[in-house]
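# sequence and predicted structure, then a few things I'm wondering about:
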Amino acid sequence: MAEDVFFVMNIIGLVAFAITGAIKSIRENLDLFGITTLGIMTALGGGITRDLLVNNIPNALRSVGDMSFALVGVWLAVVLHKLFKEDIRNRYFILIPDAIGLSAFTTTGAIIAYNSDVSFFGIIILATLTGVGGGIISDILLGKIPSVLRDDFYASCAIIGAIVFYVAIVSGLDTGSAGLLCSAVVFMIRIVAILYDWKLPRIE
Amino acid sequence: MAEDVFFVMNIIGLVAFAITGAIKSIRENLDLFGITTLGIMTALGGGITRDLLVNNIPNALRSVGDMSFALVGVWLAVVLHKLFKEDIRNRYFILIPDAIGLSAFTTTGAIIAYNSDVSFFGIIILATLTGVGGGIISDILLGKIPSVLRDDFYASCAIIGAIVFYVAIVSGLDTGSAGLLCSAVVFMIRIVAILYDWKLPRIE
Amino acid sequence: MAEDVFFVMNIIGLVAFAITGAIKSIRENLDLFGITTLGIMTALGGGITRDLLVNNIPNALRSVGDMSFALVGVWLAVVLHKLFKEDIRNRYFILIPDAIGLSAFTTTGAIIAYNSDVSFFGIIILATLTGVGGGIISDILLGKIPSVLRDDFYASCAIIGAIVFYVAIVSGLDTGSAGLLCSAVVFMIRIVAILYDWKLPRIE
């Protein structure tokens, strides 16, 4: 059951992340190769980086599904861009799938990290990186300071979720239940953060 | 025979890519370490990234030859910069070796990807990345949006070549012949793209 | 004995590098997640990249110590920023620990590279990358051209140290002594470079 939930959440996330990345690059006037690359990297970049760090050949290169969903997202971005003629990244029909993606990716990252030979810190880093790495890579490719480093309560949701995952595992929960808990926490905090426009403090 | 052809093409590519990267960084006023780093990364960055993704220790770190040819390219860039006092990257004596490099690197990438455990998409991505990855990395290091994402019909040649490689393999050709075919296709399309100034469409 | 010296030097380096990275990002107005990420990446990024290149799961993800010292550095940066209200990166109490870090990281990189299956060039690259990679990554995340590519006699100290290490090994010294020699050389050259404000030549 948990498997099926993650499977669906993961697809929603891949499509939503690819839309976000492609829209971002359409607005920066990239060509079709650039738009496709940015869409794909936003969707798959976090997972690819995580797989590199735990020494696996990235799943995104071995399977056909992930790439296909990312390409669907790129196509949808081109269509939506024409229909809405505005930056749709802040519309609810993008923000909510994006939040689902963030929770699914964070959870996948936490589970893979837990099954690798890494420390507590390693689990937090790999879970967060799986969630936000794609966005960071695509911002770097666009020559921008990654927005997660500057604004918004976004990566923080992933960090909190990863800590909840770790505590749940240490408390004796199985990986599936700990993963569901992690997903739920990330999603709920992210939604509240959007509604109340939370920000992390700065150091003046 | 195919081996010898690739060997020579690869050397031409390493030198041409290193020249391009070093010239780019001279124009950005980097110091000697920066120029050398940019030249080396433009020549070797694509192959290093590909090797990382298929879980090999990068060949560029194990062999002595690749680095040596990259260093020759850096030295040539310094000499050519003084002689020509202009941006020589668009002169035919750079564009043609660069096209040879693009085809050699794309083909090497396709062959290595085919021998690894990756999907159809994985072959396309790794072949393209081997061809254009070095340029992307050096543009990122210079704080620019990678030019392949924005202009020119460059990465597209690698993608088409990789698809041709895959179709040839599926049709029963051996790796050597499929590789030669891939190289020829990439090189010929790239030359036509330069002559006719092809561009990919944008999304307005 | 050599082990203990490196152990202490490494800790000083982790804290100093994290302070530098965090201060840099406070000045770029990042939020708390951004500051922490930049501090951690400046301290651990070089070693993580090196571990990736020699195909290890990064030590920074497996141990708890490295991350802890990096976090101490981030905390210190926040405190020091309030106390000094200026860019403390050029103050001697940062420059000297930073020079110690550069020598410790370069040496660790050289030793790990020597124990891997890489060429002479591979040792130089991996040693230098371990020393300067964290700074490069954090500059990229801030959308800047990495300062080591442009100014200062910094990476050059690491390169010279790595060559000294290699010559020492080839001359028959054991890894421990070659490492101590490498550290001493990097540190001494770096200090002189700071005092005399050395720069590498540019190509006009």
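Received, thanks.

# near chain C, which residues of chain A?
With C-beta under 8 Å from any C-beta of the partner chain as the criterion, chain A meets chain C at residues A:52-55, A:116-122, A:125-126, A:136, A:140, A:143-146, A:148-151, A:155-156, A:159, A:199-203. (C-beta placed from N, C-alpha, C; glycine too.)

# write the ChimeraX selection for whichever of those are buried.
Filtering the residues of chain A next to chain C down to the buried ones (16 or more other C-beta atoms under 10 Å in any protein chain shown) takes a single ChimeraX command:
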select /A:52,53,54,116,118,119,121,122,125,126,136,140,143,145,146,148,149,150,155,156,159,200,203
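
# for chain A, just list every one of the helices.
Along chain A, counting by DSSP state H, helices occupy A:2-27, A:32-53, A:59-62, A:65-84, A:92-114, A:120-141, A:155-170, A:175-196.

# would you turn those helices into CSV with mean pLDDT and distance to residue C:75?
Output for those, formatted as CSV (pLDDT from 0 to 100; distance: least, C-beta to C-beta, whole Å):
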stretch, mean pLDDT, distance to residue C:75
helix A:2-27, 90, 33
helix A:32-53, 96, 25
helix A:59-62, 94, 36
helix A:65-84, 95, 38
helix A:92-114, 94, 25
helix A:120-141, 96, 15
helix A:155-170, 96, 17
helix A:175-196, 95, 24
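
# ok, now which ones touch the residue of chain A found nearest chain B?
Here chain A gets closest to chain B at one residue, residue A:34, 3.2 Å apart by C-beta to the nearest C-beta. With contact set as C-beta atoms under 8 Å, 6 or more residues apart in numbering or on different chains, residue A:34 has these partners: A:25, B:146, B:148-150.

# show me the contacts for the most centrally placed residue in chain A.
Nearest residue to the geometric centre of chain A (C-alpha atoms, centre = their mean): residue A:131, 3.4 Å. Neighbour list for residue A:131: A:46, A:102-103, A:105-106, A:109, A:155, A:157-158, A:186 [criterion: C-beta under 8 Å, 6+ apart].

# out of those residues, the closest to residue B:180 would be?
Within these, proximity to residue B:180 (C-beta to C-beta) peaks at residue A:46, which comes in at 37.2 Å.

# for the residue nearest to the closest one when sequence neighbours are not counted, list the residues it contacts.
Spatial nearest neighbour of residue A:46, excluding adjacent residues (C-beta to C-beta, 6 or more residues apart in numbering or on different chains): residue A:133 at 3.2 Å. Contacts for residue A:133 (C-beta under 8 Å, 6+ apart) come out as A:45-50.

# out of those residues, who has the most neighbours?
Highest neighbour count within the contacts of residue A:133: residue A:46, with 32 neighbours (other C-beta atoms under 10 Å in any protein chain shown).

# distance check, that residue against residue B:112.
To residue B:112, residue A:46 is 24 Å away according to C-beta to C-beta, to the nearest Å.

# ditto for residue A:141
24 Å.

# now residue A:184: closest residue in space that isn't a chain neighbour?
Among residues not flanking residue A:184 along the chain, residue A:103 sits closest, at 7.5 Å (C-beta to C-beta, 6+ apart).

# report the contact partners of that neighbour.
So residue A:103 contacts A:9, A:13, A:131, A:157, A:161, A:182-187, A:190 (C-beta under 8 Å, 6+ apart).

# chain C versus that one, what's the distance?
17 Å (C-beta to the nearest C-beta, to the nearest Å).

# circling back: in strands, which of the contacts of residue A:34 fall?
Assignment to strands by DSSP state E places none of the contacts of residue A:34 there.

# among the helices of chain A, which is nearest residue C:91?
The stretch from those with the least distance to residue C:91 (C-beta to C-beta) is helix A:120-141; that distance is 29.4 Å.
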